[in-house]
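Visitor: how does the following fold in three dimensions:
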Amino acid sequence: MNSPATTAPTIEPGFIKFFVPPDWFDLMADGGDRQATRARCAELIRLTYPDTPDERREEFTDVLMFRYDHLFANGVLMNGVVTAPLPSTGAQVVWQVYAGIVAVPPGPPELDLGALLSRVFDEAFLEGMAYVERFTTDMGIGVGFMAQPPVEVPTGWEIDVPPNLRTGLAGVLSCPPEGGRGLLVMGTCLDPDQVRELAGLVAVIAGHSVFVTPESK
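Guide: Below you'll find the model as predicted:
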């Protein structure tokens, strides 16, 4: 799957070929074509809820489009959802995976992951980072992390959250050795104990996705 890779004026425009499963439903696959995105979402909802009234299915589609608009406005290039039992335990998973392009400073071998993530996330997020690993990707360099951050309800939301409730979070930055731009793939899971399996999926997507030229798309 190919997507335009441009999210900021400091990053050279280009294309990226995502390495994802063949049956992957990506909310952002049509890029800025909102009409095509709505048609795909409407068909997904129709197949998922065949006995639901048309008006209700239209509301479901509106929710997906609201999310699409928000993600597209914030430079997200890929958003997929995984809902399947884990082969190892049979436990049901509910994972979301996102990807976007970030500017990477020169000399990535000396890259400070904390400094990079602090530009992408709130400073408080870094306190929950539990594990960091560097590895080789098809682009050249990969830096991955796992965390189990606490769930925080935004101010003004009247929702009761159990104490010490946590979620799973995994991410991988993959970039060429010369830096310039990189692919940041993030995954979240409702069950923090599934973060290792989630990290494996995120690492595969980031590790085998590559920047391509228009001719090689």
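Visitor: C-alpha only now, for contacts and for neighbours.
Guide: OK.
Visitor: which positions in the helix ranked longest in the chain come out as buried?
Guide: Counting by DSSP state H, the longest helix found in the chain is helix 54-73. Using 16 or more other C-alpha atoms under 10 Å as the test for burial, helix 54-73 gives 57, 60-61, 64-65, 68, 71-72.
Visitor: who are the packing partners of the very next helix or strand once past that helix?
Guide: Sequence order places strand 78-82 as the next helix or strand after helix 54-73, per DSSP states H and E. Counting contacts by 3 or more C-alpha pairs under 8 Å, 6 or more residues apart in numbering; DSSP states H and E, strand 78-82 packs against strand 95-104.
Visitor: so the strand it packs on versus helix 54-73, what angle?
Guide: 20 degrees (axes from the mean of the first three to the mean of the last three C-alpha atoms, to 10 degrees).
Visitor: what does strand 95-104 rub up against?
Guide: 5-7, 10-11, 75-83, 116, 175, 179-190, 198, 202 (C-alpha atoms under 8 Å, 6 or more residues apart in numbering).
Visitor: spatially central residue for this protein, please.
Guide: Centroid check for the chain by C-alpha atoms, centre = their mean gives residue 98 as the closest residue, at 1.1 Å.
Visitor: that older thread, of the contacts of strand 95-104, buried ones?
Guide: 5-7, 11, 75-81, 175, 179-190, 198, 202.
Visitor: circling back: the contacts of strand 95-104 in strands, which ones?
Guide: 78-82, 175, 180-189 (DSSP state E).
Visitor: now, which of those residues sits nearest residue 147?
Guide: Closest approach between the ones in strands among the contacts of strand 95-104 and residue 147, by C-alpha to C-alpha: residue 188, at 9.7 Å.
Visitor: state the distance from that closest one to residue 77.
Guide: 16 Å (C-alpha to C-alpha, to the nearest Å).
Visitor: coming back round to it: mind checking how far the closest residue in space to the residue nearest to the centre of the chain that isn't next to it in sequence is from residue 209?
Guide: Spatial nearest neighbour of residue 98, excluding adjacent residues (C-alpha to C-alpha, 6 or more residues apart in numbering): residue 79 at 4.5 Å. Noted for residue 79: a distance of 14 Å to residue 209, by C-alpha to C-alpha.
Visitor: quick revisit: switch the buried residues of helix 54-73 over to JSON lines; also include pLDDT and distance to residue 16.
Guide: Listed next are the buried residues of helix 54-73 as JSON lines, based on pLDDT from 0 to 100; distance: C-alpha to C-alpha, whole Å:
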{"residue": "57", "pLDDT": "94", "distance to residue 16": "33"}
{"residue": "60", "pLDDT": "93", "distance to residue 16": "30"}
{"residue": "61", "pLDDT": "95", "distance to residue 16": "27"}
{"residue": "64", "pLDDT": "92", "distance to residue 16": "24"}
{"residue": "65", "pLDDT": "95", "distance to residue 16": "23"}
{"residue": "68", "pLDDT": "93", "distance to residue 16": "19"}
{"residue": "71", "pLDDT": "91", "distance to residue 16": "18"}
{"residue": "72", "pLDDT": "91", "distance to residue 16": "16"}
